[in-house]
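Peer 1: A predicted structure for the sequence below; I have some questions about it.
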Amino acid sequence: MTDQKKVLGISLVTALSIATGSPLLAADKKTAAEIGAEYAANVPKVMDGKKYPGLHHTTAIPTNFPLPKYPNHVISTNFVNSVKGTPVASLGIVTTDPPKTVFSWYQNQCQGSGWSASLPPQNALTAKEKSGDLYRMSAFKNSQQLTISCSKLKSGHTAVGITWVLESKK
């Protein structure tokens, strides 16, 4: 399976889970990257509105996405957004840079754009995080939430997943 398919799978699973309110990611002990990689094996090469109603897929990143695309050594990009229901968008990138480098760049982008970011507590880190193969954080700004992860793939490349959600006002 190609890295591009893995990232598309991560993006699709995340967007579907959030848009449909599915507990898939929360209930399973696997990471979004692991679930996405497994799911990507079944993702068709081209998404269409008939196959996945309510979702739009492109390799172009909209100019209004809250964070810019990582600028260095990018191999592929995928972008999925909801067109119905909860406003949600997911950006997937594959780069040859190490996860820590990419993650640090996104931390700086969040800080410079006024996002309030938080890392998982030390006692909640997974083995992949402790080894430096996975970095993740959440960020909040007004009624928006970002979830960012940078994960080392078996190919040695880094998969970046950024999910944006507009939280509903209750």
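Peer 2: Received the coordinates, thanks. Residues are numbered from 1 along each chain as shown.

Peer 1: in the chain, which spans are helices?
Peer 2: Assigned by DSSP state H, the chain shows helices spanning 3-20, 24-27, 32-40, 99-112, 127-131.

Peer 1: ranking those by mean pLDDT, which is last?
Peer 2: Note on the helices of the chain: lowest mean pLDDT is at helix 24-27, with a mean of 38.

Peer 1: so where's the chain uncertain?
Peer 2: Along the chain, the parts satisfying pLDDT under 70 run over 1-53, 168-170.

Peer 1: and the strands in it?
Peer 2: Using DSSP state E, the strands found in the chain span residues 55-58, 74-82, 88-95, 116-118, 134-141, 144-152, 158-166.

Peer 1: how about CSV for these, with distance to residue 102 added?
Peer 2: All C-beta atoms are positioned from the backbone trio N, CA, C, and that covers glycine. Conversion of these to CSV gives the following (distance: least, C-beta to C-beta, whole Å):
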stretch, distance to residue 102
strand 55-58, 21
strand 74-82, 10
strand 88-95, 6
strand 116-118, 15
strand 134-141, 8
strand 144-152, 5
strand 158-166, 5
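
Peer 1: most packed of those?
Peer 2: Greatest average neighbour count among these goes to strand 88-95 (a mean of 26), per mean count of other C-beta atoms under 10 Å.

Peer 1: return the list of strands paired to that strand, each annotated with direction.
Peer 2: Strand 88-95 has its sheet partners listed here by DSSP bridges as strand 74-82 (antiparallel), strand 158-166 (antiparallel).

Peer 1: would a markdown table of these with distance to residue 111 be doable?
Peer 2: Formatted as a markdown table, those follow (distance: least, C-beta to C-beta, whole Å):
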| stretch | distance to residue 111 |
| --- | --- |
| strand 74-82 | 22 |
| strand 158-166 | 15 |
